[in-house]
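Chemist: Below are the sequence and a predicted model for it; my questions follow.
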Amino acid sequence: MNTLTICRKELNSYFRSPIAYGVMAFFALISGYFFYVAVVYFMQMSIQSAMSGQSQPMSVNESVIRPLFSNISVIGLFVIPMITMRLFAEEKRTGTIELLITSPVTDLEIILGKWLAALGLYASILGVTVLSMATLFMYGKPDWRPVAVGYLGLLLQGGCLLAIGTFISTCTRNQIVAGVAGFSVCLMLWVLDWLSSFQDSVGAKVMAYLSVLQHFDSFSKGVLDSKDIIYYLSAIFIGLFLTARSLESLRWRA
Amino acid sequence: MIKVEGLTKRYANHVAVDNISFEVAKGQIVGFLGPNGAGKTTTMRVLTCFLPPTSGSARVGDFDVLEQPMEVKKRIGYLPEHPPLYPEMGVGEYLEFVGRIKGVPKPSLAQRVNEVAEKCSVTDVLGRLISKLSKGYRQRVGLAQAIIHNPDVLILDEPTSGLDPQQIIETRDLIKGLAGDHTIILSTHILPEVEQICEQVIIIAKGKLVATDTVSNLTSRLRGAETVAIEVMPRNGVALSAQDVQQKLERVSGVSRVLAKDARDGVIALTVESQQGQHIRPELARAVIESGWNLNELHAVGLSLEEIFLELTGAPKQDLAAPHATTIGAEGGR
């Protein structure tokens, strides 16, 4: 109940500040560009394959939707710090955190409310891409199931990075610092697996496992893999758990 | 209603609140007086469950801030020094939000918002954005927020700071108007404010409780009583008991009471309070010398708090001294 109240308040303030619209516009522009590139490439390839007389038709799922999802998940890395940076940093700066903490609500309710609001904003930003997908369904016959799985993957990946971003936001009273730190962490979690592409050591494997995007691969293919779901859920849990500890430590330090 | 016992709050490298104890009865308005950095805000933050105490206890009603914080939070309305407002929200919407997280039942919420808006005279700005409000209105919205769930206890941290004189008067009247229904603790560094609003006053300085008293007692004390710190040393190696010195000094004319503070290496330190309008230092000096002791030190006790008092009460800067080292816990358990 309190969680919903806080979530609603957060969503309201997102949509009342230019943040939501700015991030949405940024996202629409870039994902639109990726969509355009993927479709144009697909058209050229299918014309070429038709001319060369290959009977095998190209799959829209394989050659448009899958790369599109991969691209969107990368854009997500850039968008998420912008969403989470203000969550707690702003409350700490203006002192409204005192209102929340001295109200009869639990820390968990505060954190969940804020995280859910961030997830809600992220989901509505992803909603922009539904337009691109709808175009594909209008002019082609892609399988809808991998699309659904892809969106689920985006939400899970987003939820996990949002949880980490929320935690980072509790560590400072400066939004910009929270944003930059969140961005660095997102970037780091992205490139962790690059080492494993040419090295086979245990360390490289561990780092690859920790990499966020690595686990999105299966979702973008339309495969539901429990290993990846578990990774994201546990990352969400860890992120929110750290947030709770950090919020608690605020009282002992403040 | 509020009971604080031996409250201490220690940070990494300094003690913000040092062994403070006081009680506030139901329905009282208590002023928390002290210079900036005295520990007022820290004490209030402990009472509102924002900060846990390092040691000691604080209870609101029947609930301890550490053991049952949820119950305490339900019973407390808190206005921090900077009103906790969300600038992007409308006033009505904000009050509704606070009402919800403070646990006002939903059916009565709209009515409650209107009630507190009326009480705090913010009805005419209910539809406006908080970011567009003047400072005075913000303060009143802050007050409205604090009373939305009709709490037993109201804690107001410098409710009049940064307001213009007209707004200060309005805010004071508003607080006085709230007195019947709530037990109120308000902090301030302005003495006249306490005189006007409060029944009782708690003075703290540098984290220590300096005095708790009724306002009338305090003001009469401020008007003319003198507190003198005195150190006496034995002469010719004759041992000296604190009791002897105390008894001797009590007999000096104009002295109302003598407190032995400390005895170290044979040096006895005492605090002497004069009666109203009496200047006792010459007599004290003579009494010590005539008893055959050495007078090590003799001075009127002064703190920065004293200067604030003197300036704000408009009293002449003479020998008047603030009540330092008087009644309760002055040396904080050392």
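Modeler: It's in.
Chemist: Enumerate every residue touching the residue in the stretch 1-150 of chain B that chain A sits nearest to.
Modeler: Closest to chain A within the stretch 1-150 of chain B is B:P84: 3.7 Å, counting by C-beta to the nearest C-beta. The C-beta positions use only the backbone N, C-alpha and C, and glycine is treated the same way. The neighbours of B:P84, taking C-beta atoms under 8 Å, 6 or more residues apart in numbering or on different chains as the test, are A:94-99, B:142, B:145.
Chemist: and what of A:F137?
Modeler: A:F137 touches A:W144, counting by C-beta under 8 Å, 6+ apart.
Chemist: helix or strand for it, which one?
Modeler: helix A:107-139 (DSSP states H and E).
Chemist: centre of the chain versus that helix, how much separation?
Modeler: 9 Å (C-alpha atoms, centre = their mean, to the nearest Å).
Chemist: In that helix, which residues are buried?
Modeler: A:107, A:109-119, A:121-122, A:125-126, A:128-129, A:132-133, A:136 (16 or more other C-beta atoms under 10 Å in any protein chain shown).
Chemist: Quick check on the spatially most central residue of chain B: phi, psi?
Modeler: When C-alpha atoms, centre = their mean is applied to chain B, the residue found nearest the centroid is B:F32 (2.1 Å). The phi/psi pair for B:F32 (degrees, to the nearest 10) reads phi -110, psi 110.
Chemist: What is the burial count for residue 38?
Modeler: Just so you know, I chose chain A. 20 (other C-beta atoms under 10 Å in any protein chain shown).
Chemist: wait, chain B
Modeler: B:A38 has 24 neighbouring residues, counting by other C-beta under 10 Å.
Chemist: quick one: low-confidence ranges for the chain?
Modeler: Since no chain was named, I'll use chain A. Along chain A, the model assigns pLDDT under 70 to residues A:54-57, A:253-254.
Chemist: um, chain B though
Modeler: Using pLDDT under 70, chain B drops low at B:216, B:218-225, B:276-277, B:301-334.
Chemist: Domain-wise, how is it divided?
Modeler: B:2-220, B:224-300 (automatic domain parsing).
Chemist: ok, B:G136 to B:E115 distance?
Modeler: Counting by C-beta to C-beta, to the nearest Å, the gap from B:G136 to B:E115 is 20 Å.
Chemist: about what we covered before: turn the contacts of B:P84 into CSV, columns for distance to A:R16, secondary structure and neighbour count.
Modeler: Listed next are those as CSV, based on distance: C-beta to C-beta, whole Å; DSSP: H, G, I helix; E, B strand; the rest coil; neighbours: other C-beta atoms under 10 Å in any protein chain shown:
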residue, distance to A:R16, secondary structure, neighbour count
A:T94, 15, helix, 17
A:G95, 20, coil, 15
A:T96, 15, helix, 18
A:I97, 19, helix, 23
A:E98, 22, helix, 23
A:L99, 18, helix, 26
B:G142, 21, helix, 23
B:Q145, 19, helix, 25
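Chemist: Please spell out which residues along the helix or strand following the helix holding A:F137 are buried.
Modeler: Past helix A:107-139, further along toward the C-terminus, the next helix or strand under DSSP H and E is helix A:144-170. Going by neighbour count (16+ other C-beta under 10 Å), the buried part of helix A:144-170 is A:146-147, A:149-151, A:153-170.
Chemist: go on, stretch B:270-284?
Modeler: Buried, per 16+ other C-beta under 10 Å, within stretch B:270-284: B:270-274, B:278, B:280-281, B:283-284.
Chemist: now, among those residues, which is nearest to chain A?
Modeler: Of those, the one sitting nearest to chain A (C-beta to the nearest C-beta) turns out to be B:T271, at 35.7 Å.
Chemist: Confirm that that closest one lies within a strand, as I assumed.
Modeler: Yes - when DSSP: H, G, I helix; E, B strand; the rest coil is applied, B:T271 is found to be in a strand.
Chemist: Specify the beta-bridge partners of it.
Modeler: B:A229, B:L259 (DSSP bridges).
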